[in-house]
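A.B. asks: whatever this is, show me its structure:
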Amino acid sequence: MRSILRIYSDDISRIARNWPAAVIVLGLAVLPSLYAWFNILASWDPYSQTGGLPVAVANLDQGASLRGTAINLGNEIVDSLKENHNIGWTFTDEEQAISGVKQGDYYACIIIPQQFSARIATVLSNEPQKAELVYYVNEKINAVAPKITAKGASGIIEQVDRSFTEAANGAIFRIFNEIGVELQANLPALLALRDYIFKLEAMTPEIGQALTMAADNVETSEHIVAGVQARMPQMAQMVRDGEQLALGLSTVLDSVTKEADTAGPFIKQNMQLLKTTADASAQLAYVLHDNNTGPAVVEAALDLMSRRLTAASNASVTLIGLFERLNNLTSENKLQPAISGLKLIQTKFERQNTLVETARTTILNGGKLTESLLAEFEQLSRDGSALLGELIERYDAGIQPEIAQGFAKALKTTQTAADVLHEATASIPDVQQIIEDAAQGLAAGDKALQEAVTRFPDAVSRLQGLAQRIRTLEQQGSLEDLIALLRRDATKESEFFAEPVILKENRLFPIPNYGSAMSPFFSTLSLWVGALLLVSLLSVDIHKYSAIVYKSHQVYFGRFLTFWTIAIVQSLFVTIGDMALLGTYVTNPGWFIFFGVLISSLFMLIVYTLVSVFGNVGKALAIVLLVLQLSGSGGTFPIQVTPAFFQALHPFLPFTYAISAMREAVGGIVWEVVVRDVCLLGVYAALALILGLTLKAWINRISSKIVRKAKESELLH
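C.D. replies: Predicted coordinates:
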């Protein structure tokens, strides 16, 4: 131990007495921190500076008319982009936009075609067409810029989707609401007429008794008939009211028939919007596999997909409820297959959303997305898109006719009620005529009276049949079900479809800027670079004394103390400078400094041992380790998006656990993670010590002749 300390004290003394050596050592202590600071500062918050990325927009949209209303979605997109400063939108013509992308003046351009609004307006036609945005991107200018500009283009599509969804669904529910309100307004009058008919039916025994008594005793019957005649004006007024109500109901039915035909294409459009979400989720799987996608872009894509999947799931629930109510109006539950398909699609959306949240949490915590999760997400995307494609494909020929049948059944029931009212209009005057005939018969004599008695049973039968048909309608309750289905708040329903859920975000371990989030990686990397600089400029062997004076392990530990001291100084410059000079966000500054010292000590031990044991070959090995760890540690891109080779190498690299420990200090410590990282870093320290103590003397003896021979070339030191 005394010899080891003597070597260390001699090294420190020589550095202190020799000012050129002291300057070099000081430079070696400071250089790694400069490497870390410049890289952290350069990547401080690049995604907040995307407003300087020029992207051209050319609007050629000529507008269209939708249900008599002029629309121009191209102008609306341009107006919204002028308020959007996330990207440097530049508005120009088509030729200049495309030419600018080719020449590198713009990173990308978006062309809004002439028929953009016209295609959107085809939603009400028998053959709706999807609108297109034409997107050009120059991918040779920069590797990351295309990802950012593509995010801007997808944001435009999302904005159009939301605006159209709100407008389309608003039209659907306004149609339904108008029909339901009109029927509801006429419902009291319908019920009053029903009561009148029932009262008239109840009077038939009294009328029959009057006729019978007239046959037996004309004189007595005159008094009874006179009483009935006194009540007939009231009945006649009821009949006239019923006739007017029947005419009004006929108008309502015509409106229901026309508007029910209009609602079908909107329902189909909702299914197409759900399929758009399913297709977008398949694109997200591509983003998660793309090695060049930045972490912020991945996180933004996951946030966006979470909102879209949640909205699609809730929209599916609303469509299911609508189909179930319509199914009750059809025969043999013919809409049940479509309902089952929508329920399965809704379940897949919910599962995809769960997987997105799992992926987002895993990536934020620096974890690894499993292949099974990605495979399941891709499969759900394909299955959901396929199911929606099948529903949309058979919508016109299979589903829409069944919806129409449901409306037709309700309309038929209502039409039957109207027919009953018309029959009442025709029947009640007959009854009145019979009473008048009875009165005349009493005056004219027995012959006329007998004719009235003969006609009376037929009138009673018609009146009773009318009352029974009304009772049958009441048992079915079809009119009330139709009114309940149609009477909905159009504004609230359209807003719900457009954005059924507002995301309430809870950020675990939030880090305010990209530079602070990258400081664990660049700080760790700089400490390894610092160790390489030390072994490149300072000798790991002792040249002044002969091998007889110091044993191999004494030289190993004695000189390592010198390297270790400088490595600690390096780590202090790096960690304290990150916080004091750059202002990086660190939740636990003390632990950040401690972990920096610990990691620097370990890296120095590993690199020093390699060079002490293997000489120049050890330097090469340290550089190879650096290269492997740059890609295999998951410091920049999530390890899950790297090739399989680096994913397999990831658990065995010191950087993996060093960066993880530094991240804990920056974002917030989870002690289970820290204990795991420190223990595994201790394993690397133990392996380095075993290598240095067991192999140094043996390998140095074997390689000494080779080293001397190599130095004779005067090219190697």
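A.B. asks: in this protein, which spans are strands?
C.D. replies: 54-59, 64-66, 69-71, 88-91, 108-112, 134-137 (DSSP state E).
A.B. asks: buried ones in the third one, by neighbour count?
C.D. replies: If I follow you right, that is strand 69-71. residue 71 (16 or more other Cβ atoms under 10 Å). C-beta here means a position set from N, CA and C on the backbone, and glycine is covered the same way.
A.B. asks: from residue 666, how far off is the residue lying closest to residue 511 once chain neighbours are set aside?
C.D. replies: With sequence-adjacent residues excluded and distances taken as Cβ to Cβ, 6 or more residues apart in numbering, residue 511 is closest to residue 517, at 4.6 Å. Here residue 517 is placed at a distance of 7 Å from residue 666 (Cβ to Cβ, to the nearest Å).
A.B. asks: and for residue 585?
C.D. replies: 7 Å.
A.B. asks: of those two, who's got more company?
C.D. replies: residue 666 (26 against 17; other Cβ atoms under 10 Å).
A.B. asks: ok, now which ones touch residue 569?
C.D. replies: When contacts are counted by Cβ atoms under 8 Å, 6 or more residues apart in numbering, residue 569 is found next to residue 29.
A.B. asks: same check on the one 10 residues further on?
C.D. replies: Shown in contact with residue 579 (Cβ under 8 Å, 6+ apart): 586, 589, 592.
A.B. asks: just the ones of those residues in helices?
C.D. replies: 589, 592 (DSSP state H).
A.B. asks: compare the contacts of residue 579 and tell me which is most surrounded.
C.D. replies: residue 592 (23 neighbours).
A.B. asks: mind listing what residue 555 touches?
C.D. replies: Contacts of residue 555 were listed using Cβ under 8 Å, 6+ apart, and they are 7, 541, 542.
A.B. asks: nearest to residue 562 among the contacts of residue 579?
C.D. replies: Residue 562 has its nearest neighbour among the contacts of residue 579 in residue 592, at 25.5 Å by Cβ to Cβ.
A.B. asks: tell me the pLDDT at residue 57?
C.D. replies: Note for residue 57: predicted pLDDT of 92.
A.B. asks: give me the number of residues near it?
C.D. replies: Around residue 57 there are 24 residues (other Cβ under 10 Å).
A.B. asks: where do the helices sit along the stretch 551-700 of the chain?
C.D. replies: For the stretch 551-700 of the chain, the helices defined by DSSP state H, counting those that start in this stretch occupy 552-580, 589-614, 616-632, 644-649, 654-667, 671-711.
A.B. asks: by mean pLDDT, which helix or strand of the protein comes out lowest?
C.D. replies: helix 490-498 (a mean of 51; mean pLDDT, DSSP states H and E).
A.B. asks: my guess is residue 674 contacts residue 664. True?
C.D. replies: Yes - the pair residue 674 / residue 664 is scored as a contact, 5.2 Å apart, by Cβ atoms under 8 Å.
A.B. asks: comparing the two, which residue is more hemmed in?
C.D. replies: Neighbour tally, residue 674 and residue 664, criterion other Cβ under 10 Å: the higher count belongs to residue 664, 23 against 17.
A.B. asks: dump the residue contacts of that one.
C.D. replies: 588, 591, 595, 670, 673, 674, 677.
A.B. asks: the same query, at a cut-off of 10 Å, please.
C.D. replies: By Cβ atoms under 10 Å, 6 or more residues apart in numbering, residue 664 lies in contact with 366, 509, 520, 587-588, 591-592, 595, 670-671, 673-674, 677.
A.B. asks: for it, give me the pLDDT.
C.D. replies: Taking residue 664 on its own, its pLDDT is 93.
A.B. asks: what do you get for residue 197?
C.D. replies: pLDDT for residue 197: 71.
A.B. asks: likewise residue 29?
C.D. replies: The model's pLDDT for residue 29 equals 84.
A.B. asks: wait, it touches residue 538, no?
C.D. replies: No - Residue 29 is beyond contact range of residue 538, at 11.5 Å (criterion: Cβ atoms under 10 Å).
A.B. asks: mutual contacts of these two, please.
C.D. replies: In contact with both residue 29 and residue 538: residue 566, using Cβ under 10 Å, 6+ apart.
A.B. asks: of those two, who's got more company?
C.D. replies: Counted by other Cβ under 10 Å, residue 29 and residue 538 do not tie: residue 29 has more neighbours, with 22 against 19.
A.B. asks: not counting sequence-adjacent ones, nearest residue to that one?
C.D. replies: Nearest to residue 29 is residue 569, by Cβ to Cβ, 6+ apart, at 4.4 Å.
A.B. asks: what distance do you get for the one you found to residue 394?
C.D. replies: From residue 569 to residue 394 the distance is 74 Å (Cβ to Cβ).
A.B. asks: kindly report the same for residue 469.
C.D. replies: Distance from residue 469 to residue 394, by Cβ to Cβ: 37 Å.
A.B. asks: ok, back up a step: tabulate the helices of the stretch 551-700 of the chain in CSV, adding columns for distance to residue 336.
C.D. replies: Shown next, in CSV, are the helices of the stretch 551-700 of the chain (distance: least, Cβ to Cβ, whole Å):
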stretch, distance to residue 336
helix 552-580, 63
helix 589-614, 61
helix 616-632, 53
helix 644-649, 46
helix 654-667, 51
helix 671-711, 50
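A.B. asks: comparing those helices, which comes out most buried?
C.D. replies: Burial of these is given as mean neighbour count (mean count of other Cβ atoms under 10 Å); helix 654-667 ranks first at a mean of 25.
A.B. asks: how is the chain carved up into domains?
C.D. replies: With automatic domain parsing as the criterion, the domains of the chain are listed as 2-42+509-711, 55-106+108-141.
A.B. asks: may I see the ones you listed organised as TSV, with distance to residue 323 added?
C.D. replies: Formatted as TSV, the domains of the chain follow (distance: least, Cβ to Cβ, whole Å):
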stretch	distance to residue 323
domain 2-42+509-711	39
domain 55-106+108-141	19
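A.B. asks: indicate which one of the ones you listed is closest to residue 388.
C.D. replies: Ranking these by their distance to residue 388 (criterion: Cβ to Cβ) puts domain 55-106+108-141 first, at 13.8 Å.
A.B. asks: could you check how many residues crowd around residue 88?
C.D. replies: The burial count for residue 88: 15, using other Cβ under 10 Å.
A.B. asks: do residue 304 as well
C.D. replies: A count of nearby residues for residue 304, using other Cβ under 10 Å, gives 18.
A.B. asks: same thing with the one 4 residues further on?
C.D. replies: The tally of other residues near residue 308 (other Cβ under 10 Å) stands at 24.
A.B. asks: give me the nearest residue to it, chain neighbours excluded.
C.D. replies: Per Cβ to Cβ, 6+ apart, closest to residue 308 is residue 277, 5.0 Å.
A.B. asks: list residues touching both of residue 517 and residue 666?
C.D. replies: The contact sets of residue 517 and residue 666 overlap at 511, 584, 585 (Cβ under 10 Å, 6+ apart).
A.B. asks: please name the residues that touch the first one.
C.D. replies: Read that as residue 511. Counting by Cβ under 10 Å, 6+ apart, residue 511 makes contact with 364, 517, 518, 519, 584, 585, 586, 587, 663, 666, 667, 668.
A.B. asks: quick one: least confident of these?
C.D. replies: Among those, residue 364 carries the lowest pLDDT, at 74.
A.B. asks: that one contacts residue 508, doesn't it?
C.D. replies: Yes - under the criterion of Cβ under 10 Å, residue 364 is in contact with residue 508, at a separation of 6.8 Å.
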